[in-house]
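# sequence first, predicted coordinates after that:
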Amino acid sequence: MEAAFGIDLGTTNSCIAVIGEDGLPQVIKNLDDEFTTPSVVCYGDDGECYVGVEAKRSMNVEYDRIVAFIKREMSNEKYDRKIDDIEITPVATSALILKKVVDDANEQRRMEGLPEIHKAVVTVPAYFGNMECELTKQAGQIAGLEVLDLLNEPTAAALSYGIKGLEGKTFMIYDLGGGTFDVSIMRMKNGVLDTLATDGDHHLGGIDWDIALLDYLLMSNDLGIAYEDIKKDSGTGHILNQMEICKKNLSKSDKAPYKFKYNRKQITGDISRSVFEELTEDLLERTIDIIHHAQKISREPGVKIDEIILVGGSSYMPMVKKKLQKEFSCPIRLDNLEPDRAVAKGAAIHAANILGSTKSKVKIGTDLASRSYGVRCISPEGKLHVWNIIKRTDDLVYEGKYSGFCTSDDNQTSVIIAIYENISEKDSMDVDKCTLIEEKVLSWGFPVPKGTTVYSFVSRNSDGTVRIWLECQNKKVDFEIKYRGMYSEDEVERMRKDLSGKRV
Ligand code: AMP
């Protein structure tokens with residue numbers, strides 16, 4: 001039977017799974033004997049690239065050669081970093097991470113006498129827009145993969161839990177990773193999984209707990225500095241790694257030792273879990289505020305949550321479960337106590353469904369847009385703004401939602417229509433907080449007086465294609481926005497060939 005991987009390409013760690021002989025998803029360990037691989041790349045001065053544990057380890061000596069948290073930059077056109085004249089791009093870096101997890105998994109399979117796999121489902125955050133999704137797909141192709149599909153991370157997490165116990169329930173996926181926090185409110189009804197709301201903070205995750213701990217230790221050891229003062233220093237990555245170790249130990253014990261070197265001074269001691277929890281309480285509080293906001297903007301405003309599913313490595317911290325229990329008093333689940341592997345397992349289930357090798361009882365129903373789409377217009381006060389026509393809280397598939405506008409000049413025969421993407425659920429947004437995705441002159445071909453109403457329709461189908469059309473005095477004109485990745489097919493092929501012989 002043909003097999004395919006499920007890959008969680010994470011902001012801090014990545015994970016890969018496949019359906020085993022028993023029909024259940026199994027996470028494949030990397031060659032460092034770990035279930036997850038740091039999404040960290042070190043561009044070495046010998047021209048080699050190191051990915052994962054090795055790259056993370058070299059943080060203390062080669063900080064300026066390290067690329068981490070690259071997923072946050074996926075569609076950042078202004079991302080501009082060079083290492084030894086090599087232009088670092090989020091897509092190529094993501095391709096290296098994917099190649100590493102796939103090569104390691106295939107190596108493990110070879111040792112077990114199993115055939116190599118080159119097909120995969122890759123997960124993406126619910127908040128990724130079309131461009132980021134296309135770029136993720138291209139990263140997969142450059143890594144030599146046939147990307148069968150992209151799957152939302154919360155949907156993947158829910159799939160990994162299966163239908164058992166979730167049928168008829170409204171549940172929340174609480175995903176606290178290394179650098180991002182995501183929340184999705186979902187419902188399973190008759191085996192169909194619907195998304196009611198998604199929200200999150202893409203700059204809130206385990207790293208903030210590490211920094212809070214470091215700040216406290218710098219202060220309590222009378223060093224007279226804060227993380228902010230040393231964050232650009234070459235040894236700081238290493239110190240943060242030490243904080244992470246201490247934090248992880250605090251998930252297991254009430255007290256943990258810490259040890260780091262600053263300015264040739266060795267700093268050691270113990271910290272208790274209760275102190276750690278106190279000094280990071282405000283970070284946890286921020287996740288609660290986001291959940292309340294998600295409930296508010298849900299398709300069923302104020303929706304009640306029956307159950308909570310914990311996902312993401314930071315959910316290992318006991319304070320997370322404790323806080324959620326206090327706030328929501330509903331059952332809380334951790335996937336076999338492996339919250340950092342649930343997404344990859346769900347992706348493996350989805351991959352097997354696509355290949356027809358298993359049949360999951362769960363069907364993916366309504367998904368949300370995750371992005372709002374609006375047109376640029378001028379307010380009566382003469383201010384430029386974006387008027388959102390499809391909101392991010394709307395369903396992904398949207399049939400012809402419209403808004404009416406008035407022409408601003410006499411004898412106008414056309415308008416410049418500029419479509420913007422943004423993450424606000426509000427009607428109106430500042431232009432500079434939105435991303436322009438297409439700007440076109442649309443002409444209806446005959447002059448109309450100032451103040452004539454022009455209807456502007458926006459629709460979106462299941463593959464994310466957005467169609468815009470205008471209607472002026474019964475004349476319709478339209479255009480379609482088809483998202484493509486940033487690279488041409490030839491460029492992807494060239495990058496794939498360059499990478500194929502490399503060992504990372
Ligand atoms: P993820 O991206 O889901 O793999 O999550 C990575 C984050 O989880 C990092 O910030 C880790 O430090 C954190 N993490 C992993 N294991 C633990 C643990 N046992 N206790 C606390 N945090 C953890």
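Right, received. Where do you want to start? Numbering: from 1, shown residues only.

# hey, where'd the helices end up in the protein?
Applying DSSP state H to the chain gives helices spanning 53-57, 90-111, 130-142, 153-161, 206-220, 227-230, 236-252, 273-279, 281-297, 318-328, 342-355, 489-500.

# report the inter-axis angle for the fourth one versus helix 342-355.
It refers to helix 153-161. Inter-element angle recorded for helix 153-161 and helix 342-355: 80 degrees (by axes from the mean of the first three to the mean of the last three Cα atoms, to 10 degrees).

# residues contacting the most centrally placed residue in the chain?
In the chain, the residue lying closest to the centroid (Cα atoms, centre = their mean) is residue 125, at 3.0 Å. By Cβ atoms under 8 Å, 6 or more residues apart in numbering, the contact set of residue 125 is 71, 152-153, 180, 182, 200, 202. All C-beta spots, glycine's among them, are computed from the backbone N, C-alpha and C.

# that one and residue 437, how far apart?
19 Å (Cβ to Cβ, to the nearest Å).

# that older thread, may I ask which of the contacts of residue 125 has the most neighbours?
The most crowded member of the contacts of residue 125, judged by other Cβ atoms under 10 Å, is residue 153 (30 neighbours).

# I'd say that residue and residue 342 touch.
No - using Cβ atoms under 8 Å as the test, residue 153 is too far from residue 342 to be in contact (9.2 Å).

# what residues do the two have in common as contacts?
With Cβ under 8 Å, 6+ apart as the test, residue 153 and residue 342 both reach residue 311.

# for the residue in the stretch 151-300 of the chain that the ligand sits nearest to, what are its contacts?
Nearest to the ligand, among the residues of the stretch 151-300 of the chain, is residue 206, at 1.9 Å (Cβ to the nearest ligand atom). If a contact means Cβ under 8 Å, 6+ apart, then residue 206 has 12, 176-179, 244, 247, 313-314 as its contacts.

# and what of residue 286?
Taking Cβ under 8 Å, 6+ apart as the test, what residue 286 contacts is 181, 201, 204.

# thought the second one was touching residue 291?
The reference is to residue 201. No - with contact defined as Cβ under 8 Å, residue 201 does not reach residue 291; the gap is 11.1 Å.

# more neighbours: which of these two?
Just comparing residue 201 and residue 291: by other Cβ under 10 Å the higher neighbour count belongs to residue 291, 21 against 16.

# before we move on, the earlier item: out of the helices of the chain, nearest to residue 411?
Comparison of these against residue 411 by Cβ to Cβ identifies helix 130-142 as nearest, at 36.4 Å.

# what's the angle from that closest one to helix 489-500?
Helix 130-142 runs at 50 degrees relative to helix 489-500, counting by the same axes, to 10 degrees.

# follow-up on the earlier one: pLDDT score for the residue nearest to the centre of the chain?
As predicted, residue 125 sits at a pLDDT of 90.

# what do you get for residue 60?
Note on residue 60: pLDDT of 67.

# tell me where the stretch 101-250 of the chain is predicted with low confidence.
163 (pLDDT under 70).

# now look at stretch 116-132 and say if it contacts the ligand.
No - figure legend: stretch 116-132 not in contact with the ligand (Cβ under 6 Å from any ligand atom); closest approach 11.2 Å.

# what are the buried residues along that stretch?
117, 119-132 (16 or more other Cβ atoms under 10 Å).

# so which of these comes closest to residue 95?
The closest of these, once distances to residue 95 are taken by Cβ to Cβ, is residue 122, at 11.2 Å.

# surely residue 64 touches residue 234?
Yes - contact between residue 64 and residue 234 holds when scored by Cβ under 8 Å: they sit 7.1 Å apart.

# compare these two (neighbour count), which wins?
Remark: of residue 64 and residue 234, residue 234 carries more neighbours, 13 against 10, as counted by other Cβ under 10 Å.

# the nearest residue to residue 325 once chain neighbours are set aside bridge partners, please.
Sequence neighbours aside, residue 332 is the residue nearest to residue 325 in space, at 6.2 Å (criterion: Cβ to Cβ, 6 or more residues apart in numbering). Counting by DSSP bridges, residue 332 is bridged to residue 308.

# contacting residues for residue 332?
By Cβ under 8 Å, 6+ apart, the contact list for residue 332 reads 307-310, 321, 324-325.

# count residues in the vicinity of residue 497, would you?
11.

# alpha carbons only: can I get stretch 209-229 in CSV?
The C-alpha trace of stretch 209-229 is given here as CSV (Å, rounded to 0.1, in the frame of the first residue of the first chain):
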residue,chain,number,x,y,z
TRP,A,209,8.7,32.1,28.9
ASP,A,210,12.5,31.5,28.3
ILE,A,211,13.1,35.3,28.1
ALA,A,212,11.0,36.0,31.2
LEU,A,213,13.1,33.4,33.1
LEU,A,214,16.3,34.9,31.8
ASP,A,215,15.2,38.5,32.8
TYR,A,216,14.4,37.3,36.3
LEU,A,217,17.7,35.5,36.7
LEU,A,218,19.7,38.4,35.3
MET,A,219,18.0,40.7,37.8
SER,A,220,18.1,38.3,40.8
ASN,A,221,21.8,37.7,40.2
ASP,A,222,22.5,41.5,40.3
LEU,A,223,23.9,41.6,36.8
GLY,A,224,22.2,45.0,36.2
ILE,A,225,21.1,44.1,32.6
ALA,A,226,18.0,42.7,30.9
TYR,A,227,17.6,40.4,27.9
GLU,A,228,16.9,43.4,25.8
ASP,A,229,20.4,44.7,26.4
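
# nice, that's everything, thank you.
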